[in-house]
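In: Below are the sequence and a predicted model; questions follow.
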Amino acid sequence: QSVWKITHYFKGPLKFVLAGSGHIAGVVNPPSAQKYQYWTNSEKVGTLAEFFAGAKETKGSWWPDWIGWLDALDAARVPAKGARIPGKGKLK
């Protein structure tokens, strides 16, 4: 419920995606893990209850949905610089 409230403060296009995992679990588990689920609703609604009433549940990670949203805004890709293998290099 508390996360939904932020949707009332953004201007411009908004896409609210509700993840079925905790904050950290949803970020650290890659899509290949096939864990959790998320809900989306393309209708503009005023409450979280209304969001859920018309929401579509999707099994798996929200990452592919997020990447699709980003690509729709701008499909240009920028290669990562300074990528490293965790545990290697000067950082522990």
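Out: Arrived safely, thanks for sending.

In: In a helix, Y38, correct?
Out: No. Counting by DSSP: H, G, I helix; E, B strand; the rest coil, Y38 is not found in a helix; it is strand.

In: Contact partners for it?
Out: Neighbouring residues of Y38 by C-beta atoms under 8 Å, 6 or more residues apart in numbering: 17-20, 57-58, 61-62, 65. Heads up, the C-betas are built off the backbone N, CA and C, glycines and all.

In: switch the cut-off to 7 Å
Out: In this structure, Y38 makes contact with 17-20, 58, 62, 65, judged by C-beta atoms under 7 Å, 6 or more residues apart in numbering.

In: Same check on P30?
Out: Residues near P30 by C-beta under 7 Å, 6+ apart: S61.

In: Helix, strand, or coil at F52?
Out: When the rule is three-state DSSP, F52 gets the label helix.
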